[in-house]
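Visitor: The following comprises the amino acid sequence and a computationally predicted model.
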Amino acid sequence: GENVEQHPSTLSVQEGDSAVIKCTYSDSASNYFPWYKQELGKGPQLIIDIRSNVGEKKDQRIAVTLNKTAKHFSLHITETQPEDSAVYFCAASQAGTALIFGKGTTLSVSS
Amino acid sequence: GAVVSQHPSRVICKSGTSVKIECRSLDFQATTMFWYRQFPKQSLMLMATSNEGSKATYEQGVEKDKFLINHASLTLSTLTVTSAHPEDSSFYICSAPITGGPVDTQYFGPGTRLTVL
């Protein structure tokens, strides 16, 4: 089955800096790669996703890149703000199947 | 985005009692829903796949007789934790995919915090 590795487990940046979180997956059949932001005591919130026919996707300060050959994908947050502080999870799946999550990255943005 | 609701948001119960958690898709129909469990400072672990009109499929190590899943309509799935024990205390989260495109997009509910005394 699918296995998703996520790094780093914790990330501390200064406000305005960029943050990068990386994930690798094992199943070459996976074709959907979402990123979720989870705040304490809340459910995960989808922030961006990418499908296997696309190499990069951007939404304002957030971007995701996908390298299918290497089986890794990354989340890039630019101009970080204190409200970006949360736990971020990457996930992978095939169409119609459940998501397999990475272990999460705790991002702390200090002002 | 699509809205998935859960009820209750938190529940405290005594050991040995049963607790029912509801997951609803509010503005779309979901023939499939997924149930996850999340322990403190850990990732989400898939428990089971809930299928409308048929039996749920459970992940290895998840007791189907303890975690009863019913998906009676296209907008509602329920998870019942039977004879709950303190080790069942966790954050339970459901998700439902939006279908229609080449790949499903999944939206998560706000979660239910279960504390078993």
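Guide: That came through, no problem. Just so it is clear, the structure is predicted and the values come from calculations on it, not from any experiment.
Visitor: Help me see whether the helix or strand bottoming out on mean pLDDT in chain B makes contact with chain A, please.
Guide: When the helices and strands of chain B are scored by mean pLDDT, DSSP states H and E, strand B:105-108 comes last with a mean of 87. Yes. Strand B:105-108 is in contact with chain A by C-beta under 8 Å from any C-beta of the partner chain, via B:105-108. Where C-beta positions appear, they are placed from N, C-alpha and C, glycine not excepted.
Visitor: If we only consider those residues, which is nearest to A:Leu99?
Guide: The nearest member of the residues of strand B:105-108 next to chain A to A:Leu99, counting by C-beta to C-beta, is B:Gln106 at 6.0 Å.
Visitor: In contact with the closest one, which residues?
Guide: A:34, A:46, A:93, A:99, B:34, B:95-98 (C-beta atoms under 8 Å, 6 or more residues apart in numbering or on different chains).
Visitor: and the least confident helix or strand of chain B, C-alpha only, in CSV?
Guide: In CSV, the C-alpha atoms belonging to strand B:105-108 read as follows (Å, rounded to 0.1, in the frame of the first residue of the first chain):
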residue,chain,number,x,y,z
THR,B,105,-11.4,16.1,-3.8
GLN,B,106,-11.9,15.3,-0.2
TYR,B,107,-13.3,17.6,2.5
PHE,B,108,-13.1,16.9,6.2
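Visitor: is the helix or strand following that strand anywhere near chain A?
Guide: Sequence-wise, the next helix or strand downstream of strand B:105-108 (DSSP states H and E) is strand B:112-116. Yes. Using C-beta under 8 Å from any C-beta, strand B:112-116 comes into contact with chain A via B:Arg113.
Visitor: Just the buried positions in strand B:112-116, please.
Guide: B:112-114, B:116 (16 or more other C-beta atoms under 10 Å in any protein chain shown).
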